[in-house]
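>>> I need the structure of the sequence given here:
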Amino acid sequence: MKIKAAQIARDLGLSKATVSLALNDKPGVSEETKKMIFQYIDRMEKGIDIVENNIIKIVNYSKKENIYGGEVDLWSEVLSEFNKEAKKDGYSLGIDYINDDIDEINKLIMECNQGHVVGAIVFANDLDEDIFKLFKQIKKPLIIYDNDFDDDNYSYVMIDNYQGMEKIIKLIVEKDFNEVCYLANSHDNYNFRKRRMAFTDLISKYNLTGRIFITGNDVESVYEAMKTELVDKSFPKVLISENYQVSIGTIKAIQEMNLSFKDDINLIGIDEIPDYFCYGHHLTALKIIHGKRAGVALSLLKKEIEDHDVEKFKIYSTCRLIEGDTI
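Numbering: from 1, shown residues only. Okay, here's the model as predicted:
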């Protein structure tokens, strides 16, 4: 029985690149993820029913236009933490990628309400109020991840974007800069909006001059936008990149134009990226906790599964500034 990598990736909630690396015994995939992939293949080849009781649904929701590239794998760490926490109490995971197709959402909701599913976590960074109303039809314990709909019937696990942005702004002030540009992804989601709002508020609070520049929606479009904009040298010497795609695209443009960090440009990223994306540099970046935050979300869900009347929480993970050599 030949099982395609695309099917494995879809059913396990992994990227096709991660599955391909594991199947070809290449580096870059954790041993736990490899084990999960080969156990899945073994069960499928033996015809074992993969549907079990005590399933926790992990729903990764994205709008169709906001499907992000796989330049940096942030998902494997999160999935590994989910698996570890689920196994502690005998739960299994069901991973679903879903977009804003209403029929597919309704099908997912029906599945979540079946007897073998005990609860769900929805990655809701792209989720808006209208679609959230559909997800509220899930009658099992439900945790909202990376969004806040201000509905007291649910618990939320989020990033403290304001606290993180203030750490960046304080560093800029400490370095005696007074002008900064925020490089935004052209996509829109909850975390991006919160970061932009924090940036606008904080440059006023700290008496800085700043502006927001919309770049692109993936590494290549960011690279093209920044390569064009950096030519006229109208940017201030300090740039903040909104996410890893903006960081990588900006670094690529800086490198191609033979600009040097500190002397010509200072860059602070949001989310760490591996050094090999930085052409020998180590990016100064705001480290966002992904894996441990996933563990907190699953712990909350397990408490709700055990006691449906448990109190609800809003939990924010703090961020840590990692100083590199780009500022």
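>>> so where's the stretch 151-300 of the chain shaky on pLDDT?
233 (pLDDT under 70).
>>> if we go to 80?
Within the stretch 151-300 of the chain, the stretches with pLDDT under 80 are 232-234.
>>> mind listing the helices for it?
161-174, 190-205, 219-231, 244-256, 291-306 (DSSP state H, counting those that start in this stretch).
>>> could I get those helices as CSV with mean neighbour count?
Every residue, glycine included, has its C-beta placed from N, CA and C. Output for these, formatted as CSV (neighbours: other CB atoms under 10 Å):
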stretch, mean neighbour count
helix 161-174, 19
helix 190-205, 18
helix 219-231, 18
helix 244-256, 24
helix 291-306, 19
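>>> looking at residue 54 now. What's its pLDDT?
Note for residue 54: predicted pLDDT of 85.
>>> so what's residue 213 up against?
181, 182, 183, 184, 229, 235 (CB atoms under 8 Å, 6 or more residues apart in numbering).
>>> dead centre of this structure: give me the residue that sits there.
Centroid-nearest residue in the chain, with CA atoms, centre = their mean: residue 74, separated by 6.5 Å.
>>> measure the residue lying closest to that one once chain neighbours are set aside to residue 159 for me?
Leaving aside its sequence neighbours, residue 74 sits nearest to residue 290 (CB to CB, 6 or more residues apart in numbering; 5.5 Å). Distance from residue 290 to residue 159, counting by CB to CB, to the nearest Å: 9 Å.
>>> those two: who's more crowded?
residue 159 (23 against 17; other CB atoms under 10 Å).
>>> any idea what that one is bridged to?
Going by DSSP bridges, residue 159 is paired in beta bridges with residue 317.
>>> quick check: it touching residue 288?
Yes. Using CB atoms under 8 Å, residue 159 is in contact with residue 288, at 5.8 Å.
>>> now list whatever residues contact both of these two.
Common neighbours of residue 159 and residue 288 (CB under 8 Å, 6+ apart) are 317, 319.
>>> pull the distance from stretch 27-44 to the chain's centre.
With CA atoms, centre = their mean, to the nearest Å as the basis, stretch 27-44 stands 22 Å off its chain's centre.
>>> go on, stretch 155-171?
With CA atoms, centre = their mean, you get 15 Å for stretch 155-171.
>>> then it to CSV, C-alphas only?
Output in CSV follows, covering the C-alpha atoms of stretch 155-171 (Å, rounded to 0.1, in the frame of the first residue of the first chain):
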residue,chain,number,x,y,z
SER,A,155,-10.8,30.3,27.5
TYR,A,156,-8.1,31.9,25.4
VAL,A,157,-4.3,31.4,25.0
MET,A,158,-2.5,34.4,23.4
ILE,A,159,0.7,36.2,22.9
ASP,A,160,1.2,39.4,24.9
ASN,A,161,2.0,41.5,21.8
TYR,A,162,2.0,44.8,23.6
GLN,A,163,4.6,43.6,26.2
GLY,A,164,6.7,42.2,23.4
MET,A,165,6.5,45.4,21.3
GLU,A,166,7.4,47.5,24.4
LYS,A,167,10.6,45.5,24.8
ILE,A,168,11.6,46.3,21.2
ILE,A,169,10.8,50.0,21.6
LYS,A,170,12.8,50.2,24.9
LEU,A,171,15.8,48.6,23.1
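>>> that concludes my questions; thank you for your assistance.
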